[in-house]
Each structure stands twice: as C-alpha cells, then as structure tokens.
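Colleague: Below: sequence and its predicted model.
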Amino acid sequence: MGCPRLLLAGDCSVFSGRVPLAERSHGRTAFRSHRLIAWLAERRASVRIMFFMLSRIVTKLRQEGVGSVANAARRKFQIWWYSPKIEISPTRLTLKRFGTRYGGWTVLETASLRGSKIVSCGAGEDISFDVSIAGELGCSVVVVDPTPRAVEHVTSVIQRVSQGRPGDLGCGHRGSQSVGNYDLSNVFPGQIVFVERAIWSKREVVRFFAPQDARHVSHSIVNIQHGQRLDQPDGYIDVPAVTLQDILEENDIEQLEVLKLDIEGAEISVLRDVIEKGIRPKQLLVEFDGLLFPSTKTRTDIKFTDSILREAGYNCYHRDGQANFLYALRAEVAKWERAVDQLF
C-alpha cells in the first residue's frame with residue numbers, strides 16, 4: 001500500500017528509510033566542516049607561516065608600495081637561482097647555537113671545544129657568540145674587526161669584563177646590541193682579546209668600503225655591495241690587514257678549534273689562503289656573503305671554495321638561514337662520534 005495522502009504531505013521518508021533532503025544537506029555540510037577543521041589542525045604550522053608571510057607582505061605594501069614587494073620577490077628569486085647546492089652531511093653529534101638570533105652561530109658540541117682557542121673574524125655590534133661561548137665553555141676568543149663602530153663596541157665590552165656583570169641579551173636592532181646586555185659573569189679578563197685589524201690573504205694596508213646604508217656597521221674589503229667608488233673619500237677607510245697565520249703566531253695559538261668568518265665577501269680569499277698554508281681549524285663557521293648578492297661569479301666562487309674545503313678534509317654539517325655554514329674536519333667528526341658511541 002502507498003502512503004496516505006496526509007503523510008505524503010508530511011514526511012513519508014520516515015517509513016521509506018530515506019533521510020529528509022534538508023537533513024542530508026546539513027549532514028554533508030557538517031562533515032565537510034569537520035574535514036576542513038581536521039585538515040587545518042594538521043597544518044597549523046604551515047597556516048601560521050602563510051598568514052605571517054601574508055601579513056609581512058601587506059605591511060610592506062602599506063609602508064613602501066608595490067614596487068618594494070616586487071623588488072623583494074625578484075631578490076628572493078635571484079638568491080634561489082644563483083645559490084649553489086652545498087651538501088649537508090649527517091652527524092650523530094649535537095649541534096649547539098651560541099648567541100642571539102642575529103649574531104649567533106651553531107657549532108658541533110664536542111669535548112675538545114671546552115676551554116679551546118677560537119678566532120672570530122667580523123664582530124660588528126653583536127659579539128653575543130663570542131661572549132656566550134667564552135662564558136659557557138671557557139673558550140679563549142680572539143675577536144678581529146677594524147670597523148670603527150665595532151672597535152668602540154668590542155672595546156667597551158672588554159672594559160666591562162672585569163666588572164663581571166650579568167646581562168640579558170635582547171634581539172637588538174639589526175644586529176646592534178647594547179653593551180650592558182651581555183652576561184659577563186663567567187667571562188674573565190684576558191679571555192676575549194681584540195685585534196683591531198682586518199683579516200685578509202696577505203699582510204698589507206687595504207681599503208675598507210663602507211656599507212650603502214649608513215645605519216649598517218659592516219665594511220668590506222671587496223666592496224661586496226658595490227655601493228662605494230674610489231672617488232668617494234668618505235666611502236672607505238684604509239686599515240691594516242693581516243693573515244690568519246699572523247693572528248695565530250701573535251696570540252701563541254698552536255691548535256685552532258674554531259675559525260669564524262663573517263667578513264663581507266673576503267671569506268673566499270681568506271679561506272683559500274688558510275687551506276694553501278695548511279692551517280686546519282677543527283670547525284669552520286663561514287658566512288658566504290655572495291649568496292646575499294647573487295651573481296654567476298659568486299655562485300662559481302662559492303662552489304669552488306666548497307670543493308677545496310672538501311679536498312682539504314672538511315664536510316659541511318649545518319646551514320643557518322641563507323648564507324651561514326658549519327664545516328668540520330671529517331676525521332675529527334668521526335673520532336668525536338666514536339667517543340660518543342662508547343658512552344652508550
């Protein structure tokens with residue numbers, strides 16, 4: 001028998017086993033909503049990054065206009081296009097970072113690092129790496145930088161070492177730290193030594209070119225920003241330059257544990273000189289500044305430098321951001337890993 005007319009006007013589906021159309025639509029909508037929520041939950045980090053990037057773009061558009069965003073996008077593409085592939089080797093050793101987000105560096109945490117000798121070239125106004133590793137591990141650090149503002153900054157920090165004052169490092173402004181921010185409570189007089197000269201591939205007087213933006217600190221022997229000309233007398237200063245070998249001899253360093261090079265493009269020539277002279281720091285922290293000013297030449301230079309480091313016994317074990325790399329001697333890493341394995 002069919003449904004009575006009264007029920008047909010109402011809800012015959014109750015008897016026929018069918019869900020009403022309105023309920024079916026509501027159920028599908030709820031199901032899709034739950035799926036969307038689950039999908040978003042699984043990708044919360046990606047979504048946060050996406051919204052953060054969008055907010056950055058919107059802010060930049062408001063502040064600087066469409067042209068600035070286009071220029072930034074073009075620069076990102078150039079960096080990606082000209083960036084050479086540098087192989088990162090795995091390691092069972094712990095990677096540890098010392099210093100602030102801007103001025104910090106990552107090293108391999110090894111037993112030989114404690115109380116060791118470090119040469120840190122390129123200081124600017126953030127020596128948080130040098131102060132942190134000296135305070136935590138008792139390392140002796142030779143800081144090298146003839147930049148006028150760096151000279152004032154590092155000298156002021158060293159003068160405060162004898163006071164042993166604790167501090168609280170902030171993020172600073174584009175790498176500029178207040179002298180009072182450094183925690184010097186575990187740093188002792190003589191532990192940080194300052195060399196007011198440039199490191200280079202030979203001993204000579206060099207022209208140290210100022211950055212394009214006067215607010216920035218770092219000068220460059222190779223004029224990496226191409227912002228200054230020789231006919232601009234205020235665009236550079238003349239400074240004495242020495243080699244790494246000179247620095248080691250003057251400071252009685254026989255075994256160099258870590259060499260840090262943040263020297264605005266001069267790292268290519270310095271590293272070649274270091275390798276040619278047979279100097280082998282156990283760890284190399286190097287910023288390849290050419291990656292930030294991309295071109296075919298910089299890509300070729302960096303690839304070649306990476307190859308000579310590998311031929312000299314180094315592998316790359318970590319990359320920080322776009323341009324900071326950690327190299328270490330393969331034989332030393334293997335020895336350190338065996339020592340770690342014996343503990344377990």
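Modeller: Yes, it's here.
Colleague: Any regions of the stretch 101-250 of the chain where pLDDT drops low?
Modeller: Across the stretch 101-250 of the chain, the ranges flagged by pLDDT under 70 are 164-175, 213-217, 224-234.
Colleague: what about the helices in it?
Modeller: Secondary structure of the stretch 101-250 of the chain (DSSP state H, counting those that start in this stretch): helices located at 128-137, 148-161, 244-250.
Colleague: Give me the distance between the last one and the centre of its chain.
Modeller: Right, helix 244-250. Distance of helix 244-250 from its chain centroid, counting by CA atoms, centre = their mean, to the nearest Å, is 26 Å.
Colleague: And the contacts of that helix?
Modeller: By CB atoms under 8 Å, 6 or more residues apart in numbering, the surrounding residues in contact with helix 244-250 are 119, 142, 144, 195, 199, 203, 253-254, 256, 259, 270, 273-274, 277, 279. Glycine gets a C-beta too; all of them are placed from N, C-alpha and C.
Colleague: and what of the longest one?
Modeller: Under the contact criterion CB under 8 Å, 6+ apart, helix 148-161 has outside partners 123-125, 127, 131, 143, 145, 177, 179-180, 182, 184, 187-189, 191-192, 194, 196, 217, 237.
Colleague: buried sites along it?
Modeller: R149, A150, H153, V154, V157, I158, R160, V161 (16 or more other CB atoms under 10 Å).
Colleague: TSV please, covering the residues you listed and showing distance to T296.
Modeller: Putting the buried residues of helix 148-161 into TSV (distance: CB to CB, whole Å) gives the following:
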residue	distance to T296
R149	33
A150	31
H153	36
V154	36
V157	40
I158	42
R160	46
V161	45
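Colleague: Go through these and say which is closest to I308.
Modeller: Set against I308, the nearest of the buried residues of helix 148-161 by CB to CB is A150 (28.7 Å).
Colleague: re earlier: buried members of the contacts of helix 148-161 into PyMOL, please.
Modeller: This is how PyMOL selects the buried members of the contacts of helix 148-161, with burial counted by 16+ other CB under 10 Å:
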select buried, resi 123+124+125+127+131+143+145+177+179+182+184+187+191+192+194+196+217
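Colleague: which among the contacts of helix 244-250 gets closest to Y327?
Modeller: Among those, and counting by CB to CB, the member closest to Y327 is L259, at 9.5 Å.
Colleague: Beta-bridge partners for the closest one, please?
Modeller: With DSSP bridges applied, L259 shows beta-bridge pairing to V119, L284.
Colleague: residues in contact with it?
Modeller: Here L259 is in contact with I118, V119, C121, L244, V274, P281, Q283, L284, L285 (criterion: CB under 8 Å, 6+ apart).
Colleague: Verify the stated contact: the third one with K260.
Modeller: Yes. C121 lies in contact with K260 (CB atoms under 8 Å); the separation is 6.2 Å.
Colleague: joint contacts of these two?
Modeller: With contacts defined as CB under 8 Å, 6+ apart, no residue is adjacent to both C121 and K260.
Colleague: ok, back up a step: and of the contacts of helix 244-250, the nearest to R75?
Modeller: Nearest to R75 out of the contacts of helix 244-250 is V270 (CB to CB; 26.1 Å).
Colleague: doesn't K303 fall inside a helix?
Modeller: Yes. Assigned with DSSP: H, G, I helix; E, B strand; the rest coil, K303 falls within a helix.
Colleague: what's the closest non-adjacent residue to it?
Modeller: Counting by CB to CB, 6 or more residues apart in numbering, K303 lies nearest to P84, which is 4.4 Å off, once chain neighbours are set aside.
Colleague: For F288, see how far away that neighbour is.
Modeller: P84 sits 9 Å away from F288, going by CB to CB, to the nearest Å.
Colleague: again with K260
Modeller: Distance, K260 to F288, using CB to CB: 13 Å.
Colleague: Would you mind splitting this structure into its domains for me?
Modeller: As assigned by automatic domain parsing, the chain contains the domains 13-42, 44-78, 89-342.
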